[in-house]
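Trainee: sequence plus predicted model, see below.
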Amino acid sequence: MNNERCETCRYWNNEYGDADDCGVCRRYPPVLHPDNRRDERVAEQPYTLRGDWCGEWQRKEGEG
């Protein structure tokens with residue numbers, strides 16, 4: 001079984017706890033994008049789901 005998905009990646013952070021399937025990828029610096037609601041630019045990390053994968057996966061430290 002291939003275990004290389006966001007949930008097991010060292011760069012993924014589930015900020016909302018185990019009950020939430022959404023987390024933040026911290027592989028690269030935040031990306032600026034327009035926030036049309038406030039007419040300004042904001043920097044954010046990309047949101048991903050537990051089962052997503054991108055090809056940049058690395059094992060979390062301390063896990064076999």
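Mentor: In hand now; what should we look at?
Trainee: where does the protein dip in pLDDT?
Mentor: Along the chain, the model assigns pLDDT under 70 to residues 1, 18, 64.
Trainee: the same query, at a cut-off of 80, please.
Mentor: Confidence mapping of the chain against pLDDT under 80 gives the ranges 1-2, 15-19, 35-36, 38, 62-64.
Trainee: quick one: the strands in it?
Mentor: Taking DSSP state E as the test, the strands found in the chain are 12-13, 22-25, 31-35, 40-44, 47-49.
Trainee: who are the contact partners of the residue nearest to Trp12 when sequence neighbours are not counted?
Mentor: On the basis of Cβ to Cβ, 6 or more residues apart in numbering, the spatially nearest residue to Trp12 that is not a chain neighbour turns out to be Cys6, at 4.5 Å. To be clear about C-beta, it is placed using only N, CA and C from the backbone, and glycine gets the same treatment. Neighbour list for Cys6: 12, 23, 25, 48-54, 57 [criterion: Cβ atoms under 8 Å, 6 or more residues apart in numbering].
Trainee: now distance to Asn2 and neighbour count too, for the residues you listed, in CSV please.
Mentor: Written out in CSV, the entries for the contacts of Cys6 read as follows (distance: Cβ to Cβ, whole Å; neighbours: other Cβ atoms under 10 Å):
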residue, distance to Asn2, neighbour count
Trp12, 16, 20
Gly23, 19, 22
Cys25, 18, 17
Thr48, 16, 21
Leu49, 16, 14
Arg50, 14, 15
Gly51, 11, 9
Asp52, 13, 17
Trp53, 9, 15
Cys54, 14, 14
Trp57, 10, 17
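Trainee: distance from stretch 3-17 to the middle of the chain?
Mentor: Computed by Cα atoms, centre = their mean, to the nearest Å, the separation of stretch 3-17 from the middle of its chain amounts to 7 Å.
Trainee: report the buried residues of that stretch.
Mentor: Judged by neighbour count using 16 or more other Cβ atoms under 10 Å, the buried positions of stretch 3-17 are 5-7, 9, 11-12, 14.
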